[in-house]
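S.K.: sequence plus the predicted model coming up.
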Number of protein chains: 2
Amino acid sequence: MPRSQPPTLSETRGLTLITTEHTRPVVGIDIGGTKTAASVLTPDGEVGATAQLPTERGTEGVTKTVLQALDLLAQQSDCAVSDFGAIGIGLPGQVNQATGEVKHAHNLDMQSFALGHHLETLTGLSVRLENDVTAAALGTAFLQGIDGTLAYLNLGTGLAAGIVIDGKPLRGVGGLAGEIGHFALAPHQRLCPCGQRGCLETFASGSALIKYWPGGGEHPGWRLAAAAANDEPGAREALDLLIEGAVEAIRLLGITLAPDHVVIGGGLRMVGAPLIEGIRGRLTDLQNSSEFLVGFGLPHRLQVLPEGSPAATVGAALLVRT
Amino acid sequence: MPRSQPPTLSETRGLTLITTEHTRPVVGIDIGGTKTAASVLTPDGEVGATAQLPTERGTEGVTKTVLQALDLLAQQSDCAVSDFGAIGIGLPGQVNQATGEVKHAHNLDMQSFALGHHLETLTGLSVRLENDVTAAALGTAFLQGIDGTLAYLNLGTGLAAGIVIDGKPLRGVGGLAGEIGHFALAPHQRLCPCGQRGCLETFASGSALIKYWPGGGEHPGWRLAAAAANDEPGAREALDLLIEGAVEAIRLLGITLAPDHVVIGGGLRMVGAPLIEGIRGRLTDLQNSSEFLVGFGLPHRLQVLPEGSPAATVGAALLVRT
C-alpha cells in the first residue's frame, strides 16, 4: 500500500525493531557510483534536511564525500554535525557489520577498507554500514508502510534484491542474501565478471546495457524506451532482455519467499511503462499457464518505487535505529 | 552445528518464540501419503512417546488416523488424550492457518477440508496445521540447534523447501514460501501437473522417479544407488537428474537467502552417498567456477537430516508453542 506521507515510527511494524531511546536526529547516506544522497531522519521518523552531491571515489574520496554530506545536512538543519545521533550508510559492496569494513566496492574504487571505523574516528559519531540495496529495501518497507515480506528488486548498474521480513532486513551469510543478479541462467551465455556465464546481471542491468547496446550511450536507461519505440538497432532486444531478466528475478524471489510485496527500485525503473508493463504482462502470462502460480499473485503484488523516493537514505538512517 | 542431544527449550534461539506458559506436553503429528508419525514433546522440549501408523486417506480416513495416533500416544504416556496441551499437525498441502482449512492435499485425497476445526471439535484440544515441509524445517532447526537462516530441502514424493529464520518459519503468501519444486527450468521439458513445464519436481522427486524410471518400482529411492552402480537402464540418468534438480534448488535457495545452513531431508536422502556426494561435488564445481560463489560456502554448509530424526513431528509440536 503506497502512502503519500511517510509514516511516523509509531505507525509502522518496523517499530518493533526500533528503540525509542533515540532522541536525536540521525543521518542516512546512500553512496552511489556517481551520486551520493543524504538525509536526516528525525526522532519522529520524518525526513528532515536532504542533500545530494557527486561521489568522489577511492577511500579518500568516499570519506571526503561523507564529510561533505554531513556538513551540508548540518548547515540545512542549523546544527553542528556532532548534534546528530548516528550515521547509517548504504553503499554498493560487501559489508562486514561487525568490523565496519567494506569489500569489493568496485564502483567506488574501494577494494577493502575499514570505512566505518575511519568515519567514527573522524566524526565522533557511531557509524553503521549496509549494502545499499538492503538499505533501500528497508527504507521502502518503512516509507510504503509494508508489513510481512518485501522483495525489493533493484534494477540499477547491477541487479540485486533486498529482502525485508516483518520490518527486519535479511542479510544472510556475508551479507549475500538477495544477490540474485548472479543467478546464472544457462541460455544466456554472456560472461559475467563474477566468473559464471549467463548471470541475470549480464543481460538485465545498466552495466549490461552499456556493454551490449552501443546505441544507449552512458545513461542507456534514459533512452531505452524511446529507442525501442523507434526501432533503433538493438534497442528492442535490449529492452526484451531487461524485461526477461527482471521477470526471472521476480519468479525466483516469488517462488522462494512468496512475498506480500514486490517493489522495483533502481535507476532503470525510470525506463517506465514499457519496462514495468512488460514485466507485469510476462508475469500474467506465466500465471495463466499454471493455476498453481495464481496463488502467488505476483502481477498484482508488483509496485514501482515512486520517482524521487528517499528510500535509500531513509533505509540507511533506519540502520542506526534498529 | 549438529548436536547429539536435542536441546531443551531454554537452550535454543527458538525460545524467543515459545511461550513458557505451556506446562502440559503437546503432540506433533506428521501425516504423510502412506505413513503417519506422531510424538509427544514435553514442556522441557524433550521427545516423549512416539508412534507410527499407516495413513488412511480422505477426510474420514485422515481424521481417524489422527485420533488413532492420539490414542497410541496417550497409552504410551499413561495419560488421557485430554491431558495433552494441544496438537500440531504437518501435512502435505496448502494450509490456511487462520481457518484450519487444508487445500490441495492430493496425496491424502483431501481437496478442501476444515480439518483443524473438525479435530478441535472431536478432541476438545486446540489444533494447529502447517505444511509438512515447513514443520520439518522448524523441527530440524530446533533439533540441530540451528541459529540464523536454515534452508531445509525436502527430497520426497515432491521437492520443496522449508525456510526458518532465527527460529521462525517463513510461510509466505498462502503458505507458499519454499515451493521451489515448481521453479520451471527451461531445458527440462517434462509437463508438470501444476501446468508448467520443466519444474524441478518433474525430474528431482520420488514422483518423477516413479514416472520416468520404470526400473525403480514403487519405492525407487531404495534401489536407485545400487541400480546406478550396476548400470541398470535409466538408473544413472535418473540419479543424475535427481542430483541436478537438488543442486538447482540449493543454488536458488543459496543465492536468495545466503543461508547459514542447508539441510537435506525427505525420504530420497536415503539414496545416500551417491546422491549427497554428487550434490556436494556439483556445488564445489560451481564454486570453483566463480570466486563470488565462494562467499556462500554452500558445499560445507550442506548437511543431511539424520536417519530416523523426529524433525517432522517435533516441528509440528513446536507449532502449538510458537
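M.R.: Received the coordinates, thanks.

S.K.: right, and A:P169 touches A:D132 too?
M.R.: No - look at A:P169 against A:D132 with CB atoms under 8 Å: they stay out of range, at 11.9 Å. C-betas here are computed from N, CA, C, even on glycine.

S.K.: for B:T36, see how far away the residue nearest the centre of chain A is.
M.R.: Residue closest to the mean C-alpha point of chain A, counted by CA atoms, centre = their mean, is A:V133 at 3.0 Å. In this structure, A:V133 and B:T36 are 44 Å apart, going by CB to CB, to the nearest Å.

S.K.: do the same with A:Q144
M.R.: Separation of A:Q144 from B:T36 (CB to CB): 44 Å.

S.K.: ranges for the helices of the stretch 151-300 of chain A?
M.R.: Ranges of helices within the stretch 151-300 of chain A are A:206-212, A:220-229, A:235-257, A:273-288, A:291-294, A:298-301, based on DSSP state H, counting those that start in this stretch.

S.K.: deepest-packed of these, please.
M.R.: Among those, helix A:235-257 has the highest mean neighbour count (mean count of other CB atoms under 10 Å in any protein chain shown), at a mean of 22.

S.K.: can that helix be said to contact chain B?
M.R.: Yes - contact between helix A:235-257 and chain B, assessed by CB under 8 Å from any CB of the partner chain, occurs at A:R251, A:L252, A:L253, A:I255, A:T256, A:L257.

S.K.: and the residues you listed as TSV, adding pLDDT?
M.R.: Shown next, in TSV, are the residues of helix A:235-257 next to chain B (pLDDT from 0 to 100):
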residue	pLDDT
A:R251	97
A:L252	97
A:L253	98
A:I255	97
A:T256	98
A:L257	98
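
S.K.: any idea how far A:L72 is from the nearest residue to A:T157 once chain neighbours are set aside?
M.R.: Distance criterion CB to CB, 6 or more residues apart in numbering or on different chains; nearest residue to A:T157, sequence neighbours excluded, is A:G206 at 4.5 Å. Distance of A:G206 to A:L72, computed by CB to CB: 27 Å.

S.K.: now stretch A:260-268: how far from the chain's centre is it?
M.R.: 8 Å (CA atoms, centre = their mean, to the nearest Å).

S.K.: apart from its neighbours in sequence, what residue is nearest the residue of the stretch 1-150 of chain A at minimum distance from chain B?
M.R.: Relative to chain B, the nearest point of the stretch 1-150 of chain A is A:T149 (6.4 Å; CB to the nearest CB). Spatial nearest neighbour of A:T149, chain neighbours left out: A:P259 (4.3 Å); criterion: CB to CB, 6+ apart.

S.K.: next up, the contacts around the one you found.
M.R.: A:G148, A:T149, A:L150, A:A151, A:I163, A:L253, A:R301, B:G172, B:V173 (CB atoms under 8 Å, 6 or more residues apart in numbering or on different chains).

S.K.: for A:Q303, grab phi and psi.
M.R.: Note on A:Q303: backbone dihedrals following degrees, to the nearest 10 are phi -130, psi 170.

S.K.: run through the residues that contact the nearest residue to it once chain neighbours are set aside.
M.R.: Setting aside the residues directly before and after it, A:Q303 is nearest to A:V263 in space (CB to CB, 6+ apart), at 4.9 Å. Listed by CB under 8 Å, 6+ apart, the contact partners of A:V263 are A:A137, A:T140, A:Q144, A:I146, A:L150, A:A151, A:Y152, A:L153, A:L302, A:Q303, A:V304, A:L305.

S.K.: rerun at 10 Å
M.R.: Counting by CB atoms under 10 Å, 6 or more residues apart in numbering or on different chains, A:V263 touches A:2, A:136-137, A:140-141, A:144, A:146, A:150-154, A:162, A:164, A:269, A:301-306, A:309, A:311.

S.K.: next one: A:K103
M.R.: A:K103 touches A:G93, A:Q94, A:V95, A:N96, A:M110, A:Q111, A:S112, A:F113, A:G174, A:G175, B:G295, counting by CB under 10 Å, 6+ apart.

S.K.: now, of these, which are buried?
M.R.: A:G93, A:Q94, A:V95, A:M110, A:F113, A:G174, A:G175, B:G295 (16 or more other CB atoms under 10 Å in any protein chain shown).

S.K.: without its sequence neighbours, what residue ends up closest to the fifth one?
M.R.: Closest residue to A:F113 apart from its sequence neighbours, by CB to CB, 6+ apart: A:T59 at 4.8 Å.

S.K.: check the third one too.
M.R.: The shortest distance from A:V95 to any residue that is not its chain neighbour, by CB to CB, 6+ apart, is 4.6 Å, and that residue is A:L129.
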